[in-house]
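K.L.:
after the sequence you'll find the predicted model.
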Amino acid sequence: MNKLQAMEVFVQVVDAGSFTRAADTLQMPKATVSTLIQALETSLASRLLHRTTRHVSVTSDGAAYYERCVRILSDVRDAEESLTRHRFSPSGRLRVDAPTGLTCEILIPALPDFFARYPDITLEMGSTDRPVDLVEEGVDCAVRGGDLIDNNLIARRVGVINFVTCAAPSYIERFGMPLHPNDLERHRCVNYFSSKSGKVSGWDFTRDGERIEVMLPGAIALNDSNAYIKAGLAGLGVINMTDYLLSEQLATGKMVRLLPDWRCDPIPVHVVYPHNRHLSAKVRVFVEWIAELFANHAHLRVQPADTTAPTPALPPR
């Protein structure tokens, strides 16, 4: 038995809570994963895992051994990378998750630069507005907007998202243009609901110290940023969306900005990864690349006024 391999497999099983998910992440047969865990338990003369048909959990001995394994594997990787980082570029598979709009409009167009710098990294990028469980789904890092409520994640703030309220010319021609946030209560609005909680997001507006928060009526609510914008373009109602996704539509007149004197609360953007997962070279360079990308983007870089802005928990967009 390769003890280090068995330890790595054991850590992955604990992180994933499943032999099957661990095998998928490690790209090895499930039978091999099971055999390595059994051999590890035999060599230690201790039961490390409780197994049921649906779930795997650690025993008290397994929990203690897990913490040691994480530290040992981290030290081994540090030792290897200290010898290779100056001779070789980061390599291997990197699994990332990011919101749909951010992936399509910002990340994918910039990826040629990333691959030019790091040609030996293979990227698997999930694109969804559904918040994923990084540990359970084997994701190395994720880009997230809004408040961070998971204490098991380490986060680096890389940017900020601003919002714009707008509507299609066809909608304005039919229903008129609101002049104050309170006027929206008499309009049709396209709402956005959380994929996780199902709750509809409220709208907030600030001007010269005055703050208004409203829950607005609407004939439709969506949980995908692309569908949300399409609904606005179709004239289904007023939308409140991230400005970087609407810059082209506003510039071409397909959408008209409303309430220009009012500002919606911006939300911070973080790159997050599990605190018990070693920050490998490939994750480190991706995080640095994202931070540089956002810092050079007109709509996403942090402005001095944004550093003290409220950070409401809004769905990723």
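P.N.:
Received it, and whenever you're ready, just let me know what you need.
K.L.:
I would like the residues contacting the helix or strand encompassing residue 11, please.
P.N.:
Assigned by DSSP states H and E, residue 11 falls within helix 3-16. Contacts to helix 3-16, defined as CB atoms under 8 Å, 6 or more residues apart in numbering, come from residues 19, 22, 25-26, 28, 33, 36-37, 39-40, 43, 48-49, 56, 58, 62, 65-66, 69-70, 72-73, 76, 135-136, 138, 274, 276-277. Placement of C-beta: from N, CA and C, glycine included.
K.L.:
would you mark the buried spots in it?
P.N.:
For helix 3-16, burial by neighbour count (16 or more other CB atoms under 10 Å) applies to 6-16.
K.L.:
isn't residue 234 up against residue 167?
P.N.:
No. Counting by CB atoms under 8 Å, residue 234 stays clear of residue 167, with 10.9 Å between them.
K.L.:
helices along the protein, start to end?
P.N.:
3-16, 19-26, 30-44, 60-84, 100-102, 108-117, 169-175, 225-233, 243-252, 281-295 (DSSP state H).
K.L.:
related to what we said a few turns ago, could I get the buried residues of helix 3-16 as TSV with pLDDT and distance to residue 108?
P.N.:
Below are the buried residues of helix 3-16 laid out as TSV (pLDDT from 0 to 100; distance: CB to CB, whole Å):
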residue	pLDDT	distance to residue 108
6	92	38
7	92	36
8	92	31
9	93	33
10	93	36
11	92	32
12	90	29
13	91	33
14	90	33
15	87	28
16	86	28
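K.L.:
hmm, back to that, out of the helices of the chain, deepest packed?
P.N.:
Stretch with highest mean neighbour count among the helices of the chain: helix 100-102 (a mean of 23; mean count of other CB atoms under 10 Å).
K.L.:
on contacts alone, who are the packing partners of that one?
P.N.:
On a contact count with 3 or more CB pairs under 8 Å, 6 or more residues apart in numbering; DSSP states H and E, helix 100-102 meets helix 225-233.
K.L.:
who are the packing partners of the helix it packs on?
P.N.:
helix 100-102, strand 190-192, strand 220-222, strand 239-242, helix 243-252.
K.L.:
for the helices of the chain, which one sits closest to residue 155?
P.N.:
Nearest to residue 155 among those is helix 281-295; the distance by CB to CB comes to 10.3 Å.
K.L.:
mind splitting the chain into its structural domains?
P.N.:
3-84, 92-161+267-306, 163-257 (automatic domain parsing).
K.L.:
switch the buried residues of helix 3-16 over to a markdown table; also include distance to residue 206.
P.N.:
As requested, these are exported to a markdown table (distance: CB to CB, whole Å):
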| residue | distance to residue 206 |
| --- | --- |
| 6 | 56 |
| 7 | 52 |
| 8 | 50 |
| 9 | 52 |
| 10 | 51 |
| 11 | 46 |
| 12 | 46 |
| 13 | 48 |
| 14 | 45 |
| 15 | 41 |
| 16 | 43 |
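K.L.:
wait, residue 272 touches residue 153, no?
P.N.:
Yes. Residue 272 lies in contact with residue 153 (CB under 8 Å); the separation is 4.3 Å.
K.L.:
which neighbours do the two have in common?
P.N.:
Shared contacts of residue 272 and residue 153 (CB under 8 Å, 6+ apart): residue 134.
K.L.:
so where's the stretch 101-250 of the chain shaky on pLDDT?
P.N.:
Applying pLDDT under 70 to the stretch 101-250 of the chain flags the ranges 149-151.
K.L.:
got the contact list for the closest residue to residue 41 other than its chain neighbours?
P.N.:
On the basis of CB to CB, 6 or more residues apart in numbering, the spatially nearest residue to residue 41 that is not a chain neighbour turns out to be residue 48, at 5.4 Å. Neighbouring residues of residue 48 by CB under 8 Å, 6+ apart: 10, 37, 40-41, 58-59, 61-62, 65-66.
K.L.:
go again using 7 Å as the cut-off
P.N.:
For residue 48, the contact set (CB atoms under 7 Å, 6 or more residues apart in numbering) comprises 10, 40-41, 58-59, 61-62, 65.
K.L.:
can you tell me which of those is nearest residue 146?
P.N.:
The closest of these to residue 146 turns out to be residue 58 (CB to CB; 31.2 Å).
K.L.:
that closest one contacts residue 66, doesn't it?
P.N.:
Yes. With contacts counted by CB atoms under 7 Å, residue 58 reaches residue 66, the gap being 5.9 Å.
K.L.:
coming back round to it: would you list the helices of the chain in JSON lines and tack on distance to residue 126?
P.N.:
Below are those laid out as JSON lines (distance: least, CB to CB, whole Å):
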{"stretch": "helix 3-16", "distance to residue 126": "16"}
{"stretch": "helix 19-26", "distance to residue 126": "13"}
{"stretch": "helix 30-44", "distance to residue 126": "22"}
{"stretch": "helix 60-84", "distance to residue 126": "24"}
{"stretch": "helix 100-102", "distance to residue 126": "10"}
{"stretch": "helix 108-117", "distance to residue 126": "13"}
{"stretch": "helix 169-175", "distance to residue 126": "33"}
{"stretch": "helix 225-233", "distance to residue 126": "15"}
{"stretch": "helix 243-252", "distance to residue 126": "19"}
{"stretch": "helix 281-295", "distance to residue 126": "14"}
